[in-house]
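> could you work out the structure for the sequence below:
(6 chains)
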6 protein chains.
Amino acid sequence: MFSLTVRDQIMVAHSFTGEVFGPAQRLHGATFIVDATFHRAELDADNIVVDIGLATRELTEVLGELNYRNLDEVPEFAGINTSTEFLAKVVADRLADRVHAGSLGEGARGLSEIAVTLRESHVAWAGYRRAL
Amino acid sequence: MFSLTVRDQIMVAHSFTGEVFGPAQRLHGATFIVDATFHRAELDADNIVVDIGLATRELTEVLGELNYRNLDEVPEFAGINTSTEFLAKVVADRLADRVHAGSLGEGARGLSEIAVTLRESHVAWAGYRRAL
Amino acid sequence: MFSLTVRDQIMVAHSFTGEVFGPAQRLHGATFIVDATFHRAELDADNIVVDIGLATRELTEVLGELNYRNLDEVPEFAGINTSTEFLAKVVADRLADRVHAGSLGEGARGLSEIAVTLRESHVAWAGYRRAL
Amino acid sequence: MFSLTVRDQIMVAHSFTGEVFGPAQRLHGATFIVDATFHRAELDADNIVVDIGLATRELTEVLGELNYRNLDEVPEFAGINTSTEFLAKVVADRLADRVHAGSLGEGARGLSEIAVTLRESHVAWAGYRRAL
Amino acid sequence: MFSLTVRDQIMVAHSFTGEVFGPAQRLHGATFIVDATFHRAELDADNIVVDIGLATRELTEVLGELNYRNLDEVPEFAGINTSTEFLAKVVADRLADRVHAGSLGEGARGLSEIAVTLRESHVAWAGYRRAL
Amino acid sequence: MFSLTVRDQIMVAHSFTGEVFGPAQRLHGATFIVDATFHRAELDADNIVVDIGLATRELTEVLGELNYRNLDEVPEFAGINTSTEFLAKVVADRLADRVHAGSLGEGARGLSEIAVTLRESHVAWAGYRRAL
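Here you go, the predicted model:
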């Protein structure tokens, strides 16, 4: 099984609902360093997993929808705790949609799985992995 | 599949038995940077994998039993090579016990797997992964 | 010249005023990984730069005043762009005050300089260095 | 499941064929930081996954066949795009051959899987994982 | 003294002349992760060291002149060993020229010093620091 | 001013004397990731700061005197707290001696300064810097 990973980042504000979150119930923020990993069983005709240029561009575009925002005010996240693990799924699902739409190139249709990790600090990170 | 990872560390002394270990047969030491990763298929009611505060506290407590010690003198490790990979299992098993005992919260009962990595340097690390 | 560095972090929300900041004029957030470095010409009687336990505790306390907050609503930062470089100075100055107040121990009075670096992502960081 | 990882690196020149590679069609180069991970279900008689000294030596030898070379001039890669993901497979396969040949010790015959990651920069890496 | 650092990278081929370089006399390559640090005594009117957007853009442009190239074929480097430390000076000097030309904004004229570090691997890096 | 840095590591056991050290008064251990930085104003005839091969070899040899040892039993450290900052000086001084003895090559006689950093974990490190 082959994989290719590209890294980018976002800087967002948000707050959480629920006693479990302690002081993170207050409006605060985070830099999420985002790693998107694409998996496939065999390489494509160019001997790669996916075009790294397209993968980087699409990751940046997906992140651009979230970057420099207060996630508490994003309508589709209303009433939702935008936890690191939840956001990993949001990014993975949106990348999956773009793979299916052909935005990562025709060769990307051979991808089998996508995994996204969001690093919120040097001591904590979360991830989500799904089939394509 | 979702995951959440928290990081902490220990500083221990130990020695190994067996020619394969070369100079590491002498009493020496290591900083182990420890990453504990918790896996589950679906997020809990708070939209998280596990309470990161509890996960960090429990990891620190598990590591506290080993930290600043000469592992050669810890009775339960008598006659055992406390290799990096062995210690990864010790930490994973003790965290699993705490998950089962409810120390990581009721929501943590939905966890499916735990993985622990111990980084002994910038060029070597070991891990252990098990079901919960 | 000797140095000792300890690392901790904060997660804050803020926004900037000024066209130069582009989309960062919107309310967003950041994780700042904070490195505080203490310098001195000669080691103290314990053969150290400063008590690492006290240095870590004081750094965490200084950061605790900022952590999990919207800096736009902190009265003392009213009308101020809380840039990474500005926050580095805030942390350094507050640590310097604590050194002078004796909170880092009597031995810390021999410190000559303090430097603080705030890493806002894997591709950008800022710092401030001052005499004590 | 246990794992052990060792890290080394190579510095190579190469070029790619295919429009998808853009400016990387020109002769350029890369440092690949190489992580080789060995997996097995149970530890061996020494309580380890594999002799870390042998694992490091064999990884260095496998990489030595590629290091400080222009891969465009290596006969066995003629007409092949030596992409990061392809090179990960080359390294993994050659390490697997050495495991089977006994170069990593008799205990290494209990290894079940090998994974190799090549980091080409701070924002991109690729990997290959296979059974033994 | 304040500082701001931005990071980018290049992937180049080159070879060295001189017995001291051993196998690096052969055509090989490197990824250089490049950190450019800007220093100044006081922050500008926006409370920053320099516009991070302009700093990043200019660094990327300076690096673009070198990226995906065989440095042995770059006319201005003819007969020169393009060592990591030499390239650090090239990047620093070109950034300094751009500061003086106003490309980093008018505020950048208050910069006092620039430092550039090129990381060629996880175990080696070189730098150059100069006044502005 | 130019610099070149090489990295290696040691794994040692030791204990500290003095209440300030808390649980670190017990015999424990550490991995120290060691960065040795060499400074000079102008590059040598090969366009480098120092022969990176010799620098790496000499660093490894200096560290080899400490590696896989219990520093409490090293005669020259009797009665001394082998703190991270103290060990940074030990390594820097021994490297300086080797520079003066010519072990890093004749060109190394142009070095002006040496700095050594010992990273004891992901959250703490210490350094020592001296003239040559």
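
> mind checking the longest helix of chain A?
Determined from DSSP state H, the single longest helix within chain A is helix A:84-101.

> and the helix or strand just after that helix with chain C, contact?
Where DSSP states H and E defines the elements, the next helix or strand beyond helix A:84-101 is strand A:113-121. Yes - judged by CB under 8 Å from any CB of the partner chain, strand A:113-121 comes into contact with chain C at A:120-121. The way it works is simple: take the backbone N, C-alpha and C, and place the C-beta from them, glycine included.

> partner strands of the following helix or strand past strand A:113-121, with direction?
Scanning forward in sequence from strand A:113-121 by DSSP H and E, the next helix or strand is strand A:124-131. Paired strands of strand A:124-131, with direction, are strand A:113-121 (antiparallel), strand B:2-14 (antiparallel) (DSSP bridges).

> just name the most buried of those strands.
By mean neighbour count, with neighbours taken as mean count of other CB atoms under 10 Å in any protein chain shown, strand B:2-14 ranks first of these at a mean of 24.

> output the helix or strand just after that one as PDB, nothing but the C-alphas.
Using DSSP H and E, the helix or strand that follows strand B:2-14 towards the C-terminus is strand B:28-40. Backbone C-alpha positions of strand B:28-40 (Å, rounded to 0.1, in the frame of the first residue of the first chain) are rendered in PDB as follows:
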ATOM      1  CA  HIS B  28      22.500   4.100  30.800                       C
ATOM      2  CA  GLY B  29      19.200   6.000  30.400                       C
ATOM      3  CA  ALA B  30      16.700   7.500  28.000                       C
ATOM      4  CA  THR B  31      14.100  10.200  27.600                       C
ATOM      5  CA  PHE B  32      11.100   8.600  26.100                       C
ATOM      6  CA  ILE B  33       8.700  11.000  24.500                       C
ATOM      7  CA  VAL B  34       5.400   9.100  24.700                       C
ATOM      8  CA  ASP B  35       2.500   9.500  22.300                       C
ATOM      9  CA  ALA B  36      -0.800   7.800  23.400                       C
ATOM     10  CA  THR B  37      -3.400   7.500  20.600                       C
ATOM     11  CA  PHE B  38      -7.000   6.600  21.300                       C
ATOM     12  CA  HIS B  39      -9.200   5.200  18.400                       C
ATOM     13  CA  ARG B  40     -12.900   4.900  18.000                       C
END
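
> strand B:28-40 near chain C anywhere?
No - Strand B:28-40 lies out of reach of chain C by CB under 8 Å from any CB, never closer than 12.2 Å.

> sheet partners, orientation included, of that strand?
strand B:2-14 (antiparallel), strand B:113-121 (antiparallel).

> give me the number of residues near the closest residue in space to residue A:110 that isn't next to it in sequence?
Nearest residue to residue A:110, sequence neighbours excluded (CB to CB, 6 or more residues apart in numbering or on different chains): residue A:40, at 5.3 Å. Counted with other CB atoms under 10 Å in any protein chain shown, residues neighbouring residue A:40 total 22.

> next, find the distance separating residue A:40 from residue D:95.
Distance of residue A:40 to residue D:95, given as CB to CB, to the nearest Å: 21 Å.

> go on, residue A:82?
42 Å.

> who are the contact partners of the residue nearest in space to the middle of chain A?
Centroid-nearest residue in chain A, with CA atoms, centre = their mean: residue A:91, separated by 3.0 Å. Residues near residue A:91 by CB atoms under 8 Å, 6 or more residues apart in numbering or on different chains: A:34, A:36, A:59, A:62-63, A:116, A:118, A:128.

> could you dump those to a markdown table with distance to residue B:76 and pLDDT?
Output for the contacts of residue A:91, formatted as a markdown table (distance: CB to CB, whole Å; pLDDT from 0 to 100):
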| residue | distance to residue B:76 | pLDDT |
| --- | --- | --- |
| A:34 | 41 | 98 |
| A:36 | 42 | 98 |
| A:59 | 46 | 98 |
| A:62 | 48 | 98 |
| A:63 | 47 | 98 |
| A:116 | 39 | 98 |
| A:118 | 37 | 98 |
| A:128 | 37 | 98 |
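
> which one of the residues you listed sits closest to chain F?
Comparing those against chain F with CB to the nearest CB places residue A:118 closest, at 18.5 Å.

> still on that earlier bit, the residue nearest to residue A:110 reaches residue A:114, doesn't it?
No - look at residue A:40 against residue A:114 with CB atoms under 8 Å: they stay out of range, at 10.2 Å.

> low-confidence stretches in chain A?
Applying pLDDT under 70 to chain A flags no residue at all.

> higher neighbour count, residue A:82 and residue D:95?
When neighbours are counted by other CB under 10 Å, residue A:82 and residue D:95 differ, and residue D:95 comes out ahead with 26 against 20.
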